[in-house]
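Novice: One predicted model, sequence on top.
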Amino acid sequence: MITRRTLAALPVLAAAGPTLARSKLPIVIAHRGASGERPEHTRLAYELAIAEGADFIEPDLVVTKDGHLVVRHENEIGGTTDVANRPEFAARKTTKTIDGESVTGWFTEDFTLAELKTLRARERLPQLRPGSAKFDGHAEIPTFEEVVKLAKAKGVGIYPEMKHPTYFAGLGLPLEPRLAGALKAAGLDSATAKVFVQCFEVEPLRTFGRLSKARRVMLVSQGAAPVDVASEAGIKAIAGFAEGLGPEWPLVVPVKDGALAAPTPLVGWAHAAGLQVHPWTVRAENAFLPKTLQRGAGPAAHGDATALLKALYAAGVDGVFSDFPELAVKARA
Ligand code: G3P
Ligand code: CA
């Protein structure tokens, strides 16, 4: 099973206690749009997600050379666009250190928005998602403003993530004021607006909180994290600078011996601290599912993601990120 980081780093949490009763249905967050079915972070992916019933659409955010927020999972764009096939940009290929990792490719901060708009999006995982790859070349890179406009027009929420905020601040292109300004301009600067702002880093969330009233979500993966999610005190501390917690899903429903195990205490601790819990990311392909939920042959075949979604809902989560929002909507029903 492919996971974001190694499973080994975080101690297994104890068996779950009872979770708090909820009055609302959990929200379905379309992760990078309906990114299992269309190239991620494109208008095509967002429009399909909305048609499938997603409550929120998720844009990851990076910055251009001329200071615009654009929607990409990372600032290196070789894996999700046709930039490598564009001779006019060949000389822009370079190697940089991003958050401690050496990365070679083409970077949004070296392109103006006008230049980026000439590129076309491609499926990141064509071997796993050949149906989505058929849409390669059909869509451009959206700006954050364009995605906000779409969300508002369709009546869904927006769930932006600040990507590499410390790195961009070091370039003199900070994400936080740009994001706060864009939300304010869209009339979304309030704690009741259909907005959650997420980040894997603590300080950018604190900085953003000084600039906007929009709700914040602390993301945590199974690997090393800047916050402690293995104790109730650690979870309580997160409530000092966020309104929600976005854990990698096995932190809520762990996998043991290739099967889903009993929920951890995470949801109960978070709710006691006043935090919503939105785990990520449920994907349908066998490659991303535990052994006992895999079906058919090969990593691209779809397994029983519905069982995983139902286990997360039963654990009391307040929402779930999925590359397949249609499955998440159906499982919730
Ligand atoms: O934002 C939730 C989830 O998207 C975090 O992981 O790497 O897919 O942005 P990533
Ligand atoms: Ca994200």
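Specialist: Looks like it came in fine. Numbers count the residues shown, from 1 in each chain. Ligands and ions are numbered 1, 2, ... in the order given.
Novice: how about Arg122, what does it touch?
Specialist: The neighbours of Arg122, taking C-beta atoms under 8 Å, 6 or more residues apart in numbering as the test, are Pro39, Gly79, Thr80, Thr81, Asp82, Ala133, Asp136, Gly137. (Glycine included, C-beta is placed from N, CA and C.)
Novice: So which residues on the stretch 1-150 of the chain come close to ligand 1?
Specialist: Applying C-beta under 6 Å from any ligand atom, we find that the stretch 1-150 of the chain lies next to ligand 1 at His31, Asp60, His73.
Novice: give me the beta-bridge partners of the second one?
Specialist: Spelled out, that is Asp60. Per DSSP bridges, the residues bridged to Asp60 are Glu161.
Novice: Is there a neighbour count for Gly298? I'd like the number.
Specialist: Gly298 has 11 neighbours, counted by other C-beta atoms under 10 Å.
Novice: My error: substitute Leu308 in the last question.
Specialist: Residues lying near Leu308 (other C-beta under 10 Å) number 28.
Novice: The nearest residue to Lys93 once chain neighbours are set aside: what's it in contact with?
Specialist: Distances taken as C-beta to C-beta, 6 or more residues apart in numbering put Trp106 closest to Lys93, at 5.8 Å, once the chain neighbours are dropped. By C-beta under 8 Å, 6+ apart, the contact list for Trp106 reads Glu76, Ile77, Gly78, Val83, Ala84, Phe89, Arg92, Lys93, Thr94.
Novice: can we see that at 6 Å?
Specialist: Neighbour list for Trp106: Ile77, Gly78, Val83, Arg92, Lys93 [criterion: C-beta atoms under 6 Å, 6 or more residues apart in numbering].
Novice: Buried among those residues? Make that a PyMOL selection.
Specialist: Buried members of the contacts of Trp106, defined by 16 or more other C-beta atoms under 10 Å, are picked up in PyMOL with:
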select buried, resi 77+78+83
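Novice: The contacts of Trp106 in strands, which ones?
Specialist: Using DSSP state E to define strands, no part of the contacts of Trp106 is located there.
Novice: Ligand 2: which of the contacts of Trp106 is nearest?
Specialist: Ile77 (15.8 Å; C-beta to the ion).
Novice: For the closest one, give me its contacts.
Specialist: The contact partners of Ile77, by C-beta under 6 Å, 6+ apart, come to Val83, Trp106.
Novice: Make CSV from the contacts of Arg122 and add pLDDT, secondary structure and neighbour count to it.
Specialist: As requested, the contacts of Arg122 are arranged in CSV below (pLDDT from 0 to 100; DSSP: H, G, I helix; E, B strand; the rest coil; neighbours: other C-beta atoms under 10 Å):
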residue, pLDDT, secondary structure, neighbour count
Pro39, 98, coil, 28
Gly79, 97, coil, 16
Thr80, 98, coil, 21
Thr81, 98, strand, 26
Asp82, 98, coil, 16
Ala133, 98, helix, 17
Asp136, 98, coil, 15
Gly137, 98, coil, 14
